[in-house]
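S.K.: Return atomic coordinates for the entry below.
(2 chains)
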Amino acid sequence: MRDIAILIVFCSMMVLAVRHVHLSVMLWIWTALAAPGAYLYGVGVDFPFNKAAAVVTVIALAMDRMKRRFFIDGFFIIFTLFVAQGLISFTFALTDMDRIYTLLDKMLKIWLLGIIMRIACRDRLQVHAMVIMTTFALAVHGVLEGMKYLASAGGHKVQPSSFIGDNNYLALALLMALPLIVYLYQQCVSPVLRGIFIGLGAAGFVGVVATASRGGLIGLIVLGVLSMVHSKRKGLISLAFLAIAAGVVVLAPSRWTTRMETIQTAEQDDSFMNRIVAWKMNTVLALDRPFLGGGYSALEDGSVHRAYVSMFGLLDFIPTAMPTGPLAAHSIYFSVLGDLGFVGFLLFLAMLAASFVNIKKIKQASLGKPELAWAYSLANAFRACLIIYIVVGAALSAAYFEVLYIQVTLISMLRRSLEERAPHGTYQLATVAGTQPPNRWLAPPPSRPWVR
Amino acid sequence: MEFIFYLANTILCAWAIYWCLLRSGDKPGSPITGFFAWKSDPAKPAAAPRPQAKDPASRWTARR
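M.R.: Numbers count the residues shown, from 1 in each chain, chains lettered A, B, ... in the order given. You can find the predicted model right below:
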C-alpha cells in the first residue's frame, strides 16, 4: 500500500517535472537525497527512482524551447578535472572490487547532474526551489530518526538508509541541512511553512544527537559558533546555545554521554587509533603512486592492503600499531589522497577553495544592497555547510558525498546569477527571439519611449 | 507513523515542484504560489488591508 502511495506521488511529480528542465532537476535531487526505495518494502524497492528522474530530465531538456547558455567557471573546470582524475585512477586502479565501479558511476552521475543544473537554473526562483528541495529531501531522514529516538527515550539505534551510510554520514547530512533550514525559515513568508521549518530544524537537531556520532557533536559545536559569529544578537544566541547544551546533557541517555566523553581520551580509543592507521596507509599509497593513486577505495581491497603493509614503516615517526586488516580511509582528505593520489588531492582542495571564493564574491556583490540581502544570507548558510563538511569530514570517508557536490554547484550558480544581474535590478534570460521569457517579473522591463 | 511523515514530506516536495511550475508559467498571487514565496517576492500573497485609523481632525472637518 505504501509503495503504491509513493509511486502515485512520484508519477505525478514526473508529469509535472517534464514541463521544465529545472523541475526535473529538482526531482532528480529528491530521488538522490530522499532515497525513496529505502522506505518501501514491495514493488517500490526495485523501482529505479533515480534513473526515472534522469530520463525525465533528458526528455525535458530535449523538449525545452528556451535557448539556454551553458556557463563554465573556475569551479566547474576544477570539478571536471577532479572527475577526470577519478576516471584516470579508475583506469589504472589496483583493485577490481564492485565498490570502485559504484563510486565511479556515482561521480559521473553527480558531474552530469552538475552540468544540467548549470544549463537549467539561472535565477532566484530556481535557486530557491533547489534549496527547498535539497532541504526537504535531507531533513526527512532527521525527522524520522529523531522521532524514533524521542519515542524510545533515547533507546533507538540509528540505522539510516543504505544511500547515506552509517550514523556518522547521517549526522553530516543533517548538519549540512541545518543552515539551509535556518535560511529558509528567515526567508519564507508563509507562517505554516515557517512552522514546518522550525519542526524540521528541531527534528534535525534531535536526529544529529540520535546518531551518537562524535563527529556530529563537533559539527553541532561548529554550527553553534558560526551562528554566534553571524548573529547580531550574540548574547541571546549564546544563552540559547548554552540552554540547549545543558538540556542535551541532562536529557540524553547515559550511553550517549559516555560515548561523547571518549573524545577526551581519543588516544586510547581503538576507533580513533584505527583511523590514524588508515590515514597512514592512504599516505603510503599516495607516496607510492603520487599521480594516479590506487583507484576509488583501493585500500579496502585485501590484496592491495597486504601489498602496502610492508611499506607501513615509511611513516614510523607517527607511532601507531601495525594495521590488522583492510580499513576505510575515515577522512575526506586521506580518502582522496589514497584513491586519486596527490593530483586528485590538490584538485579536491582547489574545488573546496573555489567554492569559498565563490561565496566571498557573492557576499561582496550583495553587501549593502537590501534587494540582495537574501543572497548574502544564502552565502552565509552555504559557508556554514562547507565549514561543517571540512571539519566533520576530516574523520569520515565522505569525499564523494552527493550533498557536497549539489551544494557547491548551487553556490556556483548563485554567483553566476548575481553576475548576470542587470543594473536595473532584473535578471537577464536567454530567450528564443520573439518569445516571451518564462517569468515576466524576471524579464527586463518593456521599453517606455514616453518616459524621458 | 514513520511512513505517514515520509509521505507528507514527499507530498510537500511534489507541491514545491508544482509551485515552481506555476511560478515558471508566471501565475503569481494565488495561495498555492504564495506558500513557498519568499520575502520581497512579487508572488507573495497580498496582505489584508489594514483598518484605517480614525483621524479626529477629519471627523471634525466632516462634522463641520
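S.K.: three-state assignment of whichever residue of the stretch 201-350 of chain A sits closest to chain B?
M.R.: Closest residue of the stretch 201-350 of chain A to chain B, C-beta to the nearest C-beta: residue A:203 (9.2 Å). C-beta here means a position set from N, CA and C on the backbone, and glycine is covered the same way. Look at residue A:203: counting by DSSP: H, G, I helix; E, B strand; the rest coil, its state is helix.
S.K.: quick one: contacts for it?
M.R.: Applying C-beta atoms under 8 Å, 6 or more residues apart in numbering or on different chains, one finds that residue A:203 lies in contact with A:139, A:142, A:143, A:146, A:147.
S.K.: neighbours of the second one, just the number please.
M.R.: Taking other C-beta atoms under 10 Å in any protein chain shown as the neighbour definition, residue A:142 ends up with a count of 29.
S.K.: With the fourth one instead?
M.R.: Summarising burial for residue A:146: neighbours were counted as other C-beta under 10 Å, giving 25.
S.K.: So it sits against residue A:201, correct?
M.R.: No - taking contacts as C-beta atoms under 8 Å, residue A:146 lies outside contact range of residue A:201: 10.7 Å.
S.K.: Now do the buried residues in the lengthiest helix in chain B.
M.R.: Longest helix in chain B, counting residues (DSSP state H): helix B:2-24. Going by neighbour count (16 or more other C-beta atoms under 10 Å in any protein chain shown), the buried part of helix B:2-24 is B:6, B:9-10, B:12-24.
S.K.: again with stretch A:346-364
M.R.: In stretch A:346-364, the ones that count as buried by 16+ other C-beta under 10 Å are A:346-348, A:350-352, A:354-356, A:358-359, A:361-363.
S.K.: Pipe those into JSON lines and attach pLDDT per row.
M.R.: What follows is these, written out as JSON lines (pLDDT from 0 to 100):
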{"residue": "A:346", "pLDDT": "98"}
{"residue": "A:347", "pLDDT": "98"}
{"residue": "A:348", "pLDDT": "98"}
{"residue": "A:350", "pLDDT": "98"}
{"residue": "A:351", "pLDDT": "97"}
{"residue": "A:352", "pLDDT": "98"}
{"residue": "A:354", "pLDDT": "97"}
{"residue": "A:355", "pLDDT": "97"}
{"residue": "A:356", "pLDDT": "98"}
{"residue": "A:358", "pLDDT": "97"}
{"residue": "A:359", "pLDDT": "97"}
{"residue": "A:361", "pLDDT": "95"}
{"residue": "A:362", "pLDDT": "96"}
{"residue": "A:363", "pLDDT": "95"}
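S.K.: Which one of the residues you listed is nearest to chain B?
M.R.: Closest approach between the buried residues of stretch A:346-364 and chain B, by C-beta to the nearest C-beta: residue A:362, at 16.7 Å.
S.K.: if I look at the closest residue to the closest one other than its chain neighbours, how far off is chain B?
M.R.: With sequence-adjacent residues excluded and distances taken as C-beta to C-beta, 6 or more residues apart in numbering or on different chains, residue A:362 is closest to residue A:379, at 4.2 Å. Separation of residue A:379 from chain B (C-beta to the nearest C-beta, to the nearest Å): 15 Å.
S.K.: Now do the contacts for residue A:379.
M.R.: Applying C-beta under 8 Å, 6+ apart, the residues near residue A:379 are A:359, A:362, A:363, A:366, A:411, A:414.
S.K.: could I have whatever helix or strand it lives in exported to PDB, CA atoms only?
M.R.: Secondary structure assignment for residue A:379, by DSSP states H and E: helix A:373-392. What follows is helix A:373-392, C-alpha atoms only, in PDB (Å, rounded to 0.1, in the frame of the first residue of the first chain):
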ATOM      1  CA  ALA A 373      20.100  40.500   1.300                       C
ATOM      2  CA  TRP A 374      18.800  37.000   0.600                       C
ATOM      3  CA  ALA A 375      21.900  36.200  -1.500                       C
ATOM      4  CA  TYR A 376      24.100  37.300   1.400                       C
ATOM      5  CA  SER A 377      22.100  35.100   3.900                       C
ATOM      6  CA  LEU A 378      22.200  32.200   1.500                       C
ATOM      7  CA  ALA A 379      26.000  32.600   1.000                       C
ATOM      8  CA  ASN A 380      26.400  32.500   4.800                       C
ATOM      9  CA  ALA A 381      24.300  29.400   5.000                       C
ATOM     10  CA  PHE A 382      26.400  27.700   2.300                       C
ATOM     11  CA  ARG A 383      29.600  28.700   4.000                       C
ATOM     12  CA  ALA A 384      28.400  27.200   7.300                       C
ATOM     13  CA  CYS A 385      27.600  23.900   5.400                       C
ATOM     14  CA  LEU A 386      31.100  23.900   3.800                       C
ATOM     15  CA  ILE A 387      32.900  24.600   7.100                       C
ATOM     16  CA  ILE A 388      30.900  21.800   8.800                       C
ATOM     17  CA  TYR A 389      31.800  19.500   5.900                       C
ATOM     18  CA  ILE A 390      35.500  20.200   6.100                       C
ATOM     19  CA  VAL A 391      35.600  19.800   9.900                       C
ATOM     20  CA  VAL A 392      33.300  16.800  10.400                       C
END
